[in-house]
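Participant: Everything below, folded, please.
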Amino acid sequence: MTTKKTSKLTAKPRKKSSTPSNRTRKAASKASNSRAKSKAAKKKAEELEDRKKLMELTLKAFQMTYDDYQRGKFHRII
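Facilitator: Numbering: from 1, shown residues only. As a prediction, this is how the structure comes out:
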């Protein structure tokens, strides 16, 4: 009489290491880099917005001065 051995179909759970793997380290460094890039991009966009506002105000000031000059509100002092 022959007996069959029962085989185990379940795999053994992996042992977790105490140190993070290279994959984990790379993912963490990429995340911090993307955060730094997004922070720099935000700062650059904010700076562009400020420059645009400044240019608009400067243009408005020059237009107002030009209009007043055309109306004769300014007189040359010689």
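Participant: could you measure residue 48 against residue 42, distance?
Facilitator: 11 Å (Cβ to Cβ, to the nearest Å). In this view, the C-beta of every residue, glycine as well, is placed from N, C-alpha and C.
Participant: and residue 62, what element?
Facilitator: helix 22-71 (DSSP states H and E).
Participant: Same check on residue 76?
Facilitator: Here residue 76 is assigned to no helix or strand, by DSSP H and E.
Participant: Please list the outside residues in contact with stretch 69-78.
Facilitator: Residues from elsewhere that reach stretch 69-78 (Cβ atoms under 8 Å, 6 or more residues apart in numbering): residue 68.
Participant: Can I get that stretch in PDB, CA atoms only?
Facilitator: What follows is stretch 69-78, C-alpha atoms only, in PDB (Å, rounded to 0.1, in the frame of the first residue of the first chain):
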ATOM      1  CA  TYR A  69       0.400 115.600 -20.300                       C
ATOM      2  CA  GLN A  70      -1.900 115.500 -23.300                       C
ATOM      3  CA  ARG A  71      -4.600 117.400 -21.400                       C
ATOM      4  CA  GLY A  72      -2.100 120.100 -20.500                       C
ATOM      5  CA  LYS A  73      -1.900 119.500 -16.800                       C
ATOM      6  CA  PHE A  74       1.900 119.500 -16.900                       C
ATOM      7  CA  HIS A  75       4.000 122.600 -17.700                       C
ATOM      8  CA  ARG A  76       7.600 122.600 -18.500                       C
ATOM      9  CA  ILE A  77       9.800 124.400 -16.100                       C
ATOM     10  CA  ILE A  78      12.800 125.900 -17.800                       C
END
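Participant: now it: mean pLDDT?
Facilitator: Mean pLDDT, stretch 69-78: 80.
Participant: Tell me the buried residues in it?
Facilitator: Across stretch 69-78, burial judged by 16 or more other Cβ atoms under 10 Å covers no residue at all.
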